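In: 3D, please:
(chains A and B)
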Amino acid sequence: MKHLLFYLFLISLTLSIPFEAKTENEIVADLSQGNVEISTNFLGAKILLFGAYDGKKGDDIIVVVTGPKGLVTIQKKEKIFGMWINTKKVNYINTPKYFSISSNRPIDEILDKKTQKLSQIGLNNLNVRIQPGTTIVDDKTWREALTRNMIKSKLWSINENSVTLNKNVLFRSYLRLPSNVVVGEFDVKILHYRNGELISKEKNTINVSKSGFSAEIYKIADNYSTLYGIFAVLLAVLIGWGTSLIFRRF
Amino acid sequence: MYIYLPIAEQPIHSLAILGVGTFLGLIMGLVGVGGGFLLTPILMFLGIPPPVAVASVANQLVGPSVSGVLSHWKRSNVDFKMGSVLLVGGVVGSSIGVILFNFLGRVGQLDFVIKVSYVIFLSLIGGLMLYESSRLIFRKRKGRVSRGKLHQHNWLHGLPFKTRFRKSKLYISILLPILIGVIVGILAAIMGIGGGFIIVPAMIYLLGMPTSLVVGTSLFQIIFIAANTTILQASQNQTVDIVLATILLFGSVIGVQIGARFSNILKGEYLRLILSMIIILVSLKLLSDLVTVPSDLFSITISR
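Out: Next up, the predicted model:
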């Protein structure tokens, strides 16, 4: 009987914690731009993320942006007859084609390594998998090559000290999408930590799509590829013919 | 002004592309050779993915070939019968080339094959052009110009299916021009070139065609090879960037006209000497990219 009462007490306690957490700690966030359009003059995008949180001195905010996931292929070059040729390749599936982490101070100061690993915060902690059926020996080297090359192409990034906190109430951060960004839905997670514990979070999305002239061309080239090819040839014939007409006079 | 290329999927300064097109047109107008074999490497240096560069250059090639043929046709310098036989081979060859292109892309060796083909052909052309132009300059200084044989007979004239080409004053086997067409077609598809620098010497030395007809006839068949390549690249590999091709085209038509104006003032052999040096430099740059240790042995491809 004593035990049962103790358990009941425990259950009521665990039930009440999330309730209180919800009412006490809230976080709201918004984006300056929820839709990014890749048009003819697209050079990348800079989006302002801002919001308010119920914070205390010493609290931290981490923003994680995850783009669409899919296949990323890594190739390794080897020297053959004095030339560097791609010889081996590994396909990584479930790989985010965009991933960024922003925080108000170095992540190692906010979270211990174990928590970083568990919550997939950190470029080497992402849950990417090698395509089944591939056998590789030095998988660590390949995994590092993936991270290194994704950083180089500006698709993965860690931006420590890029979240600005104001009076433990307001936060803001600029999210940057490079010009080679892929289209799709980008999940924005805003995480509020206190002493290394997650106390509240908020979700948002950015939609990246192609628009305007270049989007139309891409669609036509994709859906009506043969017609597109014929049109490309006819256009070139027309320009060639037109110039010979114009310059004949001179 | 930056412009986002829809197929290459990257922004590039439109004036850079226009400038490249004009430069190539200038060479075409001045020297008379198509600059296609320089265009693809330059686009690759600018960061355009090699497959897109190759296919878009094939597309832009249609334009100057059309205007070239029209002006040669007016002077009656086109052997349409020979051109048609060549283009039969060319269409077959470029179709094979596009299939090969697709296969190489799937096994991940396309960029390498494109670069190696360019190193081989550019050093070959550059070397030959350097030799020919410097010899001519040297001989002219000495004051003698020799003349080669007009017509040679060899084993190639013993092949079957002989046909008469009235315009070219030839009676040769139809197999030879078809074979030349096939080879040029394959190269056109893989390298994004018209193959003028291969087909012109082949027509003169292997077929024995009159030099006056060679350029017009080769341009005639290049139109069809380039058109076939463009349509197949677009439908099989989705690598034709129409925006890139059109900007290049506008640049090159302007360049050709400027170049043609100045071609009478400047001496051909000196121009060819300079051009040969540019070609050799480009091939050396490509070669050094292949043989130097890459900064990162690993590279990524992100599927769309």
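In: which secondary structure element contains residue A:85?
Out: For residue A:85, the host element (DSSP states H and E) is strand A:83-96.
In: Partner strands of the next helix or strand after that strand and their direction?
Out: Helices and strands here follow DSSP H and E; after strand A:83-96, the next one along the chain is strand A:99-103. If you go by DSSP bridges, strand A:99-103 pairs up with strand A:60-66 (antiparallel), strand A:156-159 (parallel).
In: Low-confidence ranges, chain A, go.
Out: Scanning chain A for pLDDT under 70 picks out A:1-25, A:248-250.
In: Oh, that last question was meant for chain B, not what I typed.
Out: Ranges of chain B meeting pLDDT under 70: B:32-34, B:143-158.
In: before we move on, back to that, could you give the angle of the strand holding residue A:85 to strand A:60-66?
Out: 110 degrees (axes from the mean of the first three to the mean of the last three CA atoms, to 10 degrees).
In: And strand A:83-96, what's buried?
Out: By 16 or more other CB atoms under 10 Å in any protein chain shown, the buried positions in strand A:83-96 come out as A:83-86, A:89-92, A:95-96. For the C-beta atoms, the positions are set from N, CA and C on the backbone; glycine is no exception.
In: Can you name the residue of the stretch 151-300 of chain B nearest chain A?
Out: residue B:234 (2.9 Å; CB to the nearest CB).
In: surely residue B:50 meets residue B:116?
Out: No. Using CB atoms under 8 Å as the test, residue B:50 is too far from residue B:116 to be in contact (11.2 Å).
In: neighbour count winner among these two?
Out: Using other CB atoms under 10 Å in any protein chain shown, the more surrounded residue of residue B:50 and residue B:116 is residue B:50, with 22 against 16.
In: Could you report the distance from the more buried one to residue A:127?
Out: Counting by CB to CB, to the nearest Å, the gap from residue B:50 to residue A:127 is 33 Å.
In: cool, residue B:257 as well?
Out: 59 Å.
In: okay, the two: which has more neighbours?
Out: residue B:257 (18 against 9).
In: hang on, that one in a helix?
Out: Yes. Residue B:257 sits within a helix when classified using DSSP: H, G, I helix; E, B strand; the rest coil.
In: For the nearest residue to it once chain neighbours are set aside, grab the count of nearby residues.
Out: With sequence-adjacent residues excluded and distances taken as CB to CB, 6 or more residues apart in numbering or on different chains, residue B:257 is closest to residue A:247, at 5.3 Å. Using other CB under 10 Å, the number of residues around residue A:247 comes to 15.
In: Also residue B:134?
Out: Counted with other CB under 10 Å, residue B:134 comes out at 15.
In: need the strands for chain B, in chain order.
Out: Using DSSP state E, the strands of chain B run over residues B:2-5, B:10-13, B:162-165, B:170-173, B:298-302.
In: buried residues in the fourth one?
Out: Okay, so that is strand B:170-173. In strand B:170-173, counting by 16+ other CB under 10 Å, buried: B:170, B:172-173.
In: and the strand holding residue A:85, which strands flank it?
Out: strand A:69-80 (antiparallel), strand A:129-130 (antiparallel).
In: how's chain A carved up into domains?
Out: Here the domain assignment for chain A is A:28-210, A:211-250, based on automatic domain parsing.
In: In CSV: those domains, plus distance to residue B:81.
Out: What follows is the domains of chain A, written out as CSV (distance: least, CB to CB, whole Å):
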stretch, distance to residue B:81
domain A:28-210, 43
domain A:211-250, 22
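In: Let's see the strand holding residue A:85 as CSV, backbone CA atoms only.
Out: This file holds the C-alpha atoms of strand A:83-96, laid out as CSV (Å, rounded to 0.1, in the frame of the first residue of the first chain):
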residue,chain,number,x,y,z
MET,A,83,46.4,11.3,-63.4
TRP,A,84,43.8,11.7,-60.6
ILE,A,85,40.8,9.7,-61.4
ASN,A,86,37.6,8.9,-59.5
THR,A,87,37.8,5.3,-58.5
LYS,A,88,35.6,4.6,-55.5
LYS,A,89,32.2,5.9,-54.6
VAL,A,90,29.9,5.8,-51.6
ASN,A,91,26.3,6.8,-51.6
TYR,A,92,24.9,8.4,-48.5
ILE,A,93,21.1,8.2,-48.0
ASN,A,94,18.9,10.2,-45.7
THR,A,95,21.4,13.1,-46.0
PRO,A,96,20.2,16.6,-45.5
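In: what does the stretch 1-150 of chain B have sitting close to chain A?
Out: Within the stretch 1-150 of chain B, the residues that sit near chain A (CB under 8 Å from any CB of the partner chain) are B:1-7, B:9-11, B:59-67, B:70-71, B:108-109, B:112, B:116.
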